[in-house]
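[1] Take a look and give me a structure for this.
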Amino acid sequence: MAEQLWKGRFSKAVDSRVNDFNSSIRFDQRMIAQDMRGSGVHAAMLAKQGIISEKDCEDILNGLASIADDLAAGRLEIDPNAEDVHTFVEQTLTARIGDAGKRLHTGRSRNDQVALDMKLYTRDEYETVWTKVGSSESIFEFLITSLYNAQRNSLGFYTHAEGYAEAGITEGFKTFLQERPEDVRSTLIAEESDGGDNEGWYIQKYPGRDGEIYVNNPKVIRLSEVYLIAAEAALKAGGADPASYINDLRKQRIADYEDVASVTIDDILTERRLELYGEGHNAWDTWRNKKAVTNAQVPAGPINYDDYRTVMPIPVSEINVSNGKLKQNEGY
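    Numbering: from 1, shown residues only. Here you go, the predicted structure:
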């Protein structure tokens, strides 16, 4: 049975409801792989600085590896009575390798571990959130199921080679992403072919769930988009620091990222392009900031923000039904 780190402060047993209130193991156990990865790096740093011995470091690394192996094989289960994932790892490690396990916490705080685990988990999870029902990235999404979906009008069918293939990307955009290998967002494209004319590179944000390409939950509001909206609002309104929002987002996406002191509107638009591609934002992001969209597939050249084609025509049937109250948009 797991022991609370703070139990020595009390002379009597603590009510189980207090333990339940303090415990986070129910939800932070999902970050155990990231917690052990961070602990391994921390142990190596301690050994390099001469704070712990090389033998202790070797024992810690081997112990962490054995915990990971046993969890994967089903030989070890996470104790639901543990206060949090950090405590479970440290106590399990100490039980296996002795006092060297206790030295893993040297020069480290729980806050440090929580921040690191969240950073690693968010980055690792990003590639898989698109197949999940709800995730750390989703604030509001539509629930699509095997019984309730749009079939051939679904996002998955529109955006893959085996369907309508409407989300093939240009060579220029592929290069734009592949020039950023340290950014996890660059991984959400793949080469596909239907064996016919639809060979190319496609966005992988709507891969389907449980083998069904029709079943994808459209993420209407994402946490990352809120950060991007806040950054743009801060830049345009003044007062708040827009770079702080961009830095916080990039830390969840880019390995070994270092903060920037300031950002421009072009920086924010580039970040939106990286974060939200394939989600229907890019053209409107460009036009509402009074910039032109350049697309190699449009031979007429850049489409400026004040081009009449940025607003769709009103269907004639709707104009007729309104008995002349609706007027056609300019240019049509």
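[2] ok, Arg30 - contacts?
    With contacts defined as C-beta atoms under 8 Å, 6 or more residues apart in numbering, Arg30 is in contact with Tyr121. Glycine gets a C-beta too; all of them are placed from N, C-alpha and C.
[3] list the contacts for the residue nearest the centre of the chain?
    In the chain, the centroid-proximal residue (C-alpha atoms, centre = their mean) is Tyr126; its distance is 3.3 Å. Taking C-beta under 8 Å, 6+ apart, we find Tyr126 in contact with 137, 184-185, 252-253.
[4] rerun that using 6 Å as the cut-off
    By C-beta atoms under 6 Å, 6 or more residues apart in numbering, the residues touching Tyr126 are Val184.
[5] Start at 222, not 1
    All set: I'll call the first residue 222, so the last point we hit is now Tyr347.
[6] Could I get the phi/psi values of it?
    Tyr347 adopts backbone torsions of phi -50, psi -40, taken as degrees, to the nearest 10.
[7] now do the one 10 residues further on
    Backbone torsions for Ser357, taken as degrees, to the nearest 10, come to phi -70, psi -20.
[8] what about the strands in this protein?
    359-362, 410-413, 421-424, 440-443 (DSSP state E).
[9] ends of stretch 467-487, how far apart?
    The straight-line separation of the ends of stretch 467-487 (C-alpha to C-alpha, to the nearest Å) is 12 Å.
[10] One more: stretch 478-490?
    Stretch 478-490 stretches 19 Å from its first residue to its last (C-alpha to C-alpha).
[11] Okay, now the unreliable bits of the stretch 272-421 of the chain?
    Residue ranges of the stretch 272-421 of the chain with pLDDT under 70: none are present.
[12] And the helices in it, which stretches?
    275-294, 306-318, 331-347, 376-379, 392-399 (DSSP state H, counting those that start in this stretch).
[13] Out of those helices, the one nearest Gly429 is which?
    helix 376-379 (4.8 Å; C-beta to C-beta).
[14] on contacts alone, who are the packing partners of that closest one?
    Judged by 3 or more C-beta pairs under 6 Å, 6 or more residues apart in numbering; DSSP states H and E, helix 376-379 has no packing partners among the helices and strands.
[15] chain center to that helix, what's the gap?
    On the basis of C-alpha atoms, centre = their mean, to the nearest Å, the separation between the geometric centre of helix 376-379 and that of its chain is 21 Å.
[16] What of stretch 250-261?
    Distance, stretch centre to chain centre, for stretch 250-261: 17 Å (C-alpha atoms, centre = their mean).
[17] ok, Ser356 touching Glu348?
    No - judged on C-beta atoms under 6 Å, Ser356 makes no contact with Glu348 at a distance of 11.2 Å.
[18] now the residue nearest to the centre of the chain: how far from Leu444?
    From Tyr347 over to Leu444 the distance is 11 Å, taken as C-beta to C-beta, to the nearest Å.
[19] Also Met257?
    Taking C-beta to C-beta, one finds Met257 at 25 Å from Leu444.
[20] who has more neighbours, those two?
    Met257 (21 against 15; other C-beta atoms under 10 Å).
[21] How about the contacts made by the more buried one?
    Shown in contact with Met257 (C-beta under 6 Å, 6+ apart): 285, 310.
[22] how about a cut-off of 8 Å?
    Contacts of Met257 (C-beta under 8 Å, 6+ apart): 285, 288-289, 310.
[23] Return the member of those residues nearest to His502.
    Nearest to His502 among these is Ala289, at 38.7 Å by C-beta to C-beta.
[24] isn't the closest one right next to Arg258, touching?
    No - counting by C-beta atoms under 8 Å, Ala289 does not reach Arg258; the two are 9.2 Å apart.
[25] hey, what's in contact with both of these two?
    By C-beta under 8 Å, 6+ apart, no residue touches both Ala289 and Arg258.
[26] Over to the closest residue to Phe363 other than its chain neighbours: give its phi and psi.
    Spatial nearest neighbour of Phe363, chain neighbours left out: Pro439 (5.0 Å); criterion: C-beta to C-beta, 6 or more residues apart in numbering. Main-chain torsions, Pro439, degrees, to the nearest 10: phi -60, psi 130.
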